[in-house]
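Turn this into a structure:
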Amino acid sequence: GASPGRNIEINPAVVMNRTDRREDFPQGGLEQGETKPDLGLSGRWGITPNIMANAAVNPDFSQVEADVAQLEVNRRFALYYPEKRPLFLEGADLFITPLAAVYTRTLADPAWGVKLTGKEGGNAFGFLVSEDEMTNLLLPANQGSRLEFLEQNALSTVLRYRRDVGRRSTAGFLVTDRRGKDYSSSLIGADGHIQLSSVDKLRLQFLYSQTHYPDAWAELQGQPLGAFSDLALSVFYIHEARDWNWWAKYEDLGRNFRADVGFIPRVDLKTKEAGGRRIFWGDSSKWFRKWVFTLNGSVSHDHNGNLTDRALEASCEYNGPYQSILNLGLVVGREVWTGIPFDQEYIQIESSIRPSGSILFTLKGKYGDAVDYTGSRPADTVQVQPGFSWFLGRHLQIGLDHALEYLDVAGGRLYRAGLSQARIVYQFNVRTFVRAIVQYLDLDRNLGLYAAEPDPFRRQLFTQFLFSYKINPQTLVFLGYSDNHFGRPGIDLTQRDRTFFVKVSYAWIR
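Numbering: from 1, shown residues only. As a prediction, this is how the structure comes out:
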């Protein structure tokens with residue numbers, strides 16, 4: 001008398017949250033905010049074993065883990081943060097293409113969304129439509145990029161199709177569209193993965209975009225007025241054999257190319273790249289598992305033919321016992337910033353070792369030439385990023401990371417930046433866990449070396465705590481807390497806000 005399920009899951013959720021803020025920062029006290037109930041609904045439907053539909057109305061992602069923080073000082077381009085929200089993770093690999101034309105983090109605060117992904121035979125497809133209550137925009141250029149926003153809702157649509165060709169090749173097309181009041185950004189393109197032989201492959205992508213910003217906003221942001229369009233092209237050949245690898249790549253991103261549903265932080269760029277790699281193999285009885293020697297060169301120009309970047313990198317990687325990896329690289333090149341060429345020579349290190357199954361140590365570093373982008377002058381940098389992960393049995397996980405960066409110019413040390421992060425998860429049992437995340441930024445500047453005086457220092461402390469309890473296989477309860485502390489000249493590290501939330505989610509499955 002058994003019958004198969006319908007593969008339908010409906011998840012109503014109720015969230016109660018309260019945010020207290022220090023409106024008169026830093027003198028005033030924390031003013032208690034209003035406790036607001038919020039209802040949301042999400043669902044999944046396995047139409048067939050290979051086709052999945054997802055939908056959400058007023059989704060809440062308060063239980064999603066905070067992003068790993070990154071240092072933003074003296075950076076030219078927007079930083080990339082991976083997607084973590086469940087609604088957008090289903091079938092996410094289908095939307096990956098050589099150029100990142102789809103980046104769901106651009107959908108910051110969706111009011112609702114519908115997603116359909118699947119594969120039948122040699123056909124794979126994906127469809128996503130969502131209305132976003134925040135219109136975040138990445139404005140790219142050759143010399144830098146910045147994030148801005150429009151004060152309006154935006155409707156975003158993505159259509160993706162991919163077809164298997166032969167045994168190991170694929171061809172596909174992609175359409176994205178985002179539009180609001182007096183705003184639109186559309187993109188269409190084709191891509192392919194061609195397996196030329198068992199060790200040779202070719203990846204291609206061609207994109208065309210057409211964009212229109214509101215005229216007053218475009219003029220304020222220094223963007224083109226009216227509708228504008230441009231092209232993007234990527235060609236990447238790879239040879240991957242057991243002992244030898246080599247590759248060649250060409251990319252052309254037009255000055256007015258925009259991918260507002262994607263993440264392409266730099267345009268007006270033509271890049272040529274080529275490299276090779278030799279691999280020497282060991283075995284478990286030797287003191288090395290693998291040696292890898294790599295040589296890679298690249299050169300980039302803008303569409304006026306001006307050199308913007310040139311680099312030649314040589315590296316040596318050692319793989320040994322305890323899953324140890326040590327990669328040493330030397331980079332020699334030139335970078336052009338505000339029309340000034342800066343010769344660059346620096347070394348990089350990246351290493352990791354797992355002395356046991358429960359402990360992992362990592363270390364990244366950089367030493368050598370850099371550019372002070374604020375003052376348009378040569379600089380020297382030291383960057384060190386140690387990391388540590390520890391899995392204590394089945395219950396406790398600890399992760400510690402630190403990033404330390406110095407930048408020196410002719411007159412002395414321009415700044416010192418430190419970013420510390422801790423992540424602790426304790427799994428009481430299969431039903432219950434607690435997670436804590438702490439991030440602390442400490443930035444000190446030498447005002448005498450800046451033309452325009454910024455704050456001499458800045459302190460930021462962020463904490464996030466989550467308690468999760470599974471009442472039964474269908475019902476989850478989350479209790480959460482987060483806060484932000486800030487400090488600047490004349491102000492000690494002071495709490496600016498705090499948020500409490502309770503979320504109850506029920507899964508109705510049929």
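
remind me which residues of this protein are low pLDDT?
Residue ranges of the chain with pLDDT under 70: 1-6.

same thing but 80
1-6, 284-286, 453, 473 (pLDDT under 80).

residues contacting the residue positioned nearest the centre of the chain?
Geometric centre of the chain, nearest residue: Tyr81, 2.2 Å, by CA atoms, centre = their mean. By CB atoms under 8 Å, 6 or more residues apart in numbering, the contact set of Tyr81 is Asp67, Val68, Gln70, Arg105. All C-beta spots, glycine's among them, are computed from the backbone N, C-alpha and C.

what do you get if the cut-off is 6 Å, keeping everything else the same?
Asp67 (CB atoms under 6 Å, 6 or more residues apart in numbering).

repeat for the one 10 residues further on
Gly91 sits next to Thr117, Gly126 when contact means CB under 6 Å, 6+ apart.

cutoff 10 Å now
Taking CB atoms under 10 Å, 6 or more residues apart in numbering as the contact definition, Gly91 lies against 51-52, 54, 115-119, 124-126, 128, 160.

again with Leu39
Pro12, Ala13, Val14, Val15, Val57, Asn58, Asp60.

Redo the residues you listed as CSV? Include distance to Leu94.
Listed next are the contacts of Leu39 as CSV, based on distance: CB to CB, whole Å:
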residue, distance to Leu94
Pro12, 28
Ala13, 26
Val14, 32
Val15, 30
Val57, 23
Asn58, 26
Asp60, 25
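
The residue nearest to the centre of the chain belongs to a strand, doesn't it?
No. Applying DSSP: H, G, I helix; E, B strand; the rest coil, one finds Tyr81 to be coil, outside a strand.

Can you go through the contacts of Leu39 and name the buried ones?
Ala13, Val15, Asp60 (16 or more other CB atoms under 10 Å).

Looking at these, which is nearest Phe236?
Distance to Phe236, by CB to CB, is smallest for Asp60 among the buried ones among the contacts of Leu39, at 39.2 Å.

Which of the buried ones among the contacts of Leu39 sits closest to Arg178?
Using CB to CB, the buried ones among the contacts of Leu39 come closest to Arg178 at Asp60, 22.8 Å.

what about the strands in the stretch 351-500 of the chain?
Along the stretch 351-500 of the chain, counting by DSSP state E, counting those that start in this stretch, strands occupy 359-372, 377-392, 396-409, 412-427, 432-445, 457-472, 475-488, 491-506.

Return the set of buried residues in the fifth one.
Within strand 432-445, the residues that count as buried by 16+ other CB under 10 Å are Phe433, Arg435, Ile437, Val438, Gln439, Tyr440, Leu441, Asp442, Leu443, Arg445.

Does anything pack onto it? Which helices or strands?
strand 396-409, strand 412-427, strand 457-472, strand 475-488 (3 or more CB pairs under 10 Å, 6 or more residues apart in numbering; DSSP states H and E).

can you redo these as a markdown table with distance to Pro386 and mean neighbour count?
Formatted as a markdown table, these follow (distance: least, CB to CB, whole Å; neighbours: other CB atoms under 10 Å):
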| stretch | distance to Pro386 | mean neighbour count |
| --- | --- | --- |
| strand 396-409 | 6 | 18 |
| strand 412-427 | 10 | 17 |
| strand 457-472 | 20 | 16 |
| strand 475-488 | 24 | 17 |
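
TSV for those strands, including distance to Leu196?
Output for those, formatted as TSV (distance: least, CB to CB, whole Å):
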stretch	distance to Leu196
strand 396-409	41
strand 412-427	43
strand 457-472	48
strand 475-488	49
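
Ok, which of these comes nearest Thr135?
strand 475-488 (24.1 Å).

partners of that closest one in the sheet?
strand 457-472 (antiparallel), strand 491-506 (antiparallel) (DSSP bridges).

Can you give the distance of the last one from its chain's centre?
In other words, strand 491-506. Here strand 491-506 is found 24 Å from its chain centre; the criterion is CA atoms, centre = their mean, to the nearest Å.

Buried residues, it. List them.
Here strand 491-506 shows Thr494, Gln495, Arg496, Asp497, Arg498, Thr499, Phe500, Phe501, Val502, Lys503, Ser505 as buried, counting by 16+ other CB under 10 Å.

Would you point out the most distant pair within the residues you listed?
Thr494 and Ser505, at 34.4 Å, using CB to CB across these.

between the buried ones among the contacts of Leu39, which is closest to Phe77?
Asp60 (30.8 Å).

For the stretch 201-350 of the chain, which segments count as helices?
For the stretch 201-350 of the chain, the helices defined by DSSP state H, counting those that start in this stretch cover 215-221.

Just the strands from the stretch 151-300 of the chain, written as ranges.
Using DSSP E, counting those that start in this stretch, strands in the stretch 151-300 of the chain cover 154-165, 169-180, 183-195, 200-212, 227-240, 244-253, 269-281, 290-301.

Just the CA atoms of the third one, as PDB, please.
Coordinates of each C-alpha in strand 183-195 appear next as PDB, following Å, rounded to 0.1, in the frame of the first residue of the first chain:
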ATOM      1  CA  TYR A 183      16.400  51.900 -15.400                       C
ATOM      2  CA  SER A 184      17.100  48.800 -17.400                       C
ATOM      3  CA  SER A 185      20.100  46.500 -17.900                       C
ATOM      4  CA  SER A 186      19.900  43.600 -20.300                       C
ATOM      5  CA  LEU A 187      22.500  41.000 -21.300                       C
ATOM      6  CA  ILE A 188      22.500  38.200 -23.800                       C
ATOM      7  CA  GLY A 189      25.300  35.800 -24.800                       C
ATOM      8  CA  ALA A 190      26.500  32.400 -25.800                       C
ATOM      9  CA  ASP A 191      29.200  30.200 -24.300                       C
ATOM     10  CA  GLY A 192      30.800  26.800 -25.000                       C
ATOM     11  CA  HIS A 193      33.100  24.200 -23.600                       C
ATOM     12  CA  ILE A 194      34.800  22.300 -26.400                       C
ATOM     13  CA  GLN A 195      36.800  19.100 -25.500                       C
END
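
That strand pairs with which strands, and in what direction?
Strand 183-195 is paired, per DSSP bridges, with strand 169-180 (antiparallel), strand 200-212 (antiparallel).

Can you add mean neighbour count and distance to Gln27 and give those back as JSON lines?
Formatted as JSON lines, the strands paired with strand 183-195 follow (neighbours: other CB atoms under 10 Å; distance: least, CB to CB, whole Å):
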{"stretch": "strand 169-180", "mean neighbour count": "19", "distance to Gln27": "39"}
{"stretch": "strand 200-212", "mean neighbour count": "19", "distance to Gln27": "45"}
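
Nearest to Phe486 among the ones you listed would be which one?
The nearest among the strands paired with strand 183-195, by CB to CB, is strand 169-180 at 32.2 Å.

Can I get that closest one in CSV, CA atoms only?
Provided in CSV are the C-alpha atoms of strand 169-180 (Å, rounded to 0.1, in the frame of the first residue of the first chain):
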residue,chain,number,x,y,z
SER,A,169,31.5,19.3,-24.8
THR,A,170,28.7,21.8,-24.0
ALA,A,171,27.1,24.8,-25.7
GLY,A,172,24.8,27.3,-23.9
PHE,A,173,23.2,30.7,-23.9
LEU,A,174,22.4,33.1,-21.2
VAL,A,175,19.9,36.0,-20.9
THR,A,176,19.7,38.4,-17.9
ASP,A,177,17.5,41.4,-17.4
ARG,A,178,17.1,43.9,-14.6
ARG,A,179,14.8,46.8,-14.7
GLY,A,180,13.0,49.4,-12.6
